[in-house]
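Q: Here you go, sequence then predicted model.
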Amino acid sequence: MTTWSDITVAPGTLVKGVWRGGVYRIERLLGEGANGRVYLVRKGNTPYALKMGFDPLDHQMEVNALLSLSRQSASWRRFFRESDDAELDGRRIPFFVMKYIDGVNIREFLKRKGSMDWIYVIGHNLLSRLAELHKHGWIYADMKLENILVYGYAGVELIDYCGLTAKGRAVKQFTELYDRGTWNAGDRVAEDSYDLFAFAVLMLAATDQTRKLHSFQHMLPQNRTVDMLLEMARENPHTARLYGWFKQALEGTFVSSQQALALWRKLVLDRNMRGPRDTGIAAPWLKVCFAASIMLCVGTVCYFWLA
Ligand SMILES: Nc1ncnc2c1ncn2[C@@H]1O[C@H](COP(=O)(O)OP(=O)(O)O)[C@@H](O)[C@H]1O
Ligand SMILES: [Mg+2]
């Protein structure tokens, strides 16, 4: 298996596509995960993110997934640019180029904004993105803090497509903490409810001030239960007002992600459905943001249907 993880790709290095001829100048490393390294690059003045895969087969699967998505949807066509191979230090390394997202993970975004209320807008936008993915027949599968970037006024982007799985297939790439199989809450089968479970854990992880979720990581999978997560959702004032939503997502009773999105929207906007210790959305400007993000989402859907 080709591995190049010991090669240093210094700033200023030119990465040239062997087949398509695209030339990208490396600026800096953006991040690294289990499957590859992602660099901030420039072509002319335009910034992009360029991912080099550690394992050619896994990398090709991610490229194939992104290619399928970009054939199906205008928003992924804008996200994925091209794929190619580069010669670096005498080794051939597969890479692909995507839109650069100038964002941070959800926890960092909430910290910078100084208000947990943003989680309602982030949750809404991420659920919309998931619903779009599901509509095209795919499940994201590897939902976790590291794979989602938040930018601007709670714009959300999924950035790692290694886990993308066609509906009905077995889920191959997942992270234990977010995986319903590990929580004895269902099979590892690609269906809307698989992603909704992981999304619920993600929301708990993003708003958990007590590090309780972190402590579950050390627990044996056979001892984990959905009730532990439900208790967390009830105790956390930021998720308590959406308790009904969390119960359905964690118990797998939503029929679709569209239904989950509709309930999220309803609970966040409905003043009468506050939890016992809940303060509601405190800032009026955030309600405006939330309404604006819904309009934007509806606009995107209309654009999609009319296109
Ligand atoms: N399009 C992008 N824009 C900005 N940063 C990105 C982008 N894609 C990835 N990154 C950064 O690189 C890190 C690793 O990328 P990722 O695709 O998740 O790799 P892996 O598949 O190995 O987990 C991410 O956590 C993120 O910080
Ligand atoms: Mg990742």
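A: Cool, got the structure. Ligands and ions are numbered 1, 2, ... in the order given.
Q: Mind telling me which residue of the protein is nearest ligand 1?
A: G33 (1.9 Å; Cβ to the nearest ligand atom). In this view, the C-beta of every residue, glycine as well, is placed from N, C-alpha and C.
Q: ok, D55 - how many residues close by?
A: 16 (other Cβ atoms under 10 Å).
Q: Read off the pLDDT value for the residue of the chain closest to ligand 1.
A: G33 carries a pLDDT value of 90.
Q: do the one 5 residues further on as well
A: The predicted local confidence for V38 comes out at a pLDDT of 97.
Q: Surely the residue of the chain closest to ligand 1 is in contact with D160?
A: Yes: counting by Cβ atoms under 8 Å, G33 touches D160, with 6.5 Å between them.
Q: The residue of the chain closest to ligand 1 and L40, how far apart?
A: 16 Å (Cβ to Cβ, to the nearest Å).
Q: which one of these two has more residues nearby?
A: Using other Cβ under 10 Å, the more surrounded residue of G33 and L40 is L40, with 19 against 16.
Q: so what's the more buried one up against?
A: I26, E27, R28, L29, L30, P47, Y48, A49, L50, Y100 (Cβ atoms under 8 Å, 6 or more residues apart in numbering).
Q: still on that earlier bit, residue contacts, the residue of the chain closest to ligand 1?
A: E146, N147, D160.
Q: same thing with I122?
A: I106, F109, L110, V150, A154, V156, A206.
Q: will you turn those residues into CSV that also has secondary structure and neighbour count?
A: Putting the contacts of I122 into CSV (DSSP: H, G, I helix; E, B strand; the rest coil; neighbours: other Cβ atoms under 10 Å) gives the following:
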residue, secondary structure, neighbour count
I106, helix, 24
F109, helix, 21
L110, helix, 21
V150, strand, 26
A154, coil, 25
V156, strand, 24
A206, helix, 24
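Q: got the residues of the protein near ligand 2?
A: Residues of the chain that fall close to ligand 2, judged by Cβ under 5 Å from the ion: G33, N147, D160.
Q: what do you get if the cut-off is 6 Å, keeping everything else the same?
A: For the chain, the contact set with ligand 2 under Cβ under 6 Å from the ion comprises G33, E146, N147, D160.
Q: Let's see the PyMOL selection covering just the buried ones among those residues.
A: Buried residues among the residues of the chain next to ligand 2 (16 or more other Cβ atoms under 10 Å), as a PyMOL selection:
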select buried, resi 33+147+160
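Q: Among the residues of the chain next to ligand 2, which has the minimum pLDDT value?
A: G33 (90).
Q: burial of G155, as a residue count?
A: The burial count for G155: 16, using other Cβ under 10 Å.
Q: what's the answer for the one 3 residues further on, then?
A: By other Cβ under 10 Å, 20 other residues sit near L158.
Q: Show me the helices in the chain, by range?
A: 56-72, 74-79, 106-113, 118-135, 192-207, 212-216, 226-235, 237-240, 243-251, 257-269, 284-306 (DSSP state H).
Q: Let me know which of these is tucked in deepest.
A: helix 192-207 (a mean of 24; mean count of other Cβ atoms under 10 Å).
Q: Now do it: which elements does it pack against?
A: helix 106-113, helix 118-135, strand 138-139, helix 212-216, helix 226-235, helix 237-240, helix 243-251, helix 257-269 (3 or more Cβ pairs under 8 Å, 6 or more residues apart in numbering; DSSP states H and E).
Q: domains of the protein?
A: Following automatic domain parsing, one finds the domains of the chain at 14-99, 106-306.
Q: what about the first one, how long is it end to end?
A: Right, the one you point to is domain 14-99. Start-to-end span of domain 14-99 (Cα to Cα, to the nearest Å) is 18 Å.
Q: Need the pLDDT of the residue lying farthest from the centre of the chain.
A: Largest separation from the mean C-alpha position in the chain: G90, at 34.5 Å (Cα atoms, centre = their mean). In this model, G90 is scored at 89, pLDDT.
Q: In the stretch 201-307 of the chain, what residue comes closest to ligand 2?
A: L202 (13.3 Å; Cβ to the ion).
Q: contacting residues around that residue?
A: I106, L126, M143, K144, L145, I148, Y178.
Q: Any regions of the stretch 201-307 of the chain where pLDDT drops low?
A: Within the stretch 201-307 of the chain, the stretches with pLDDT under 70 are 271-290, 293-307.
Q: mind checking the backbone torsions on the closest residue to ligand 2 within the stretch 51-200 of the chain?
A: Residue of the stretch 51-200 of the chain nearest ligand 2, by Cβ to the ion: D160 (3.6 Å). Torsion angles at D160 (phi, psi; degrees, to the nearest 10) stand at phi -130, psi 110.
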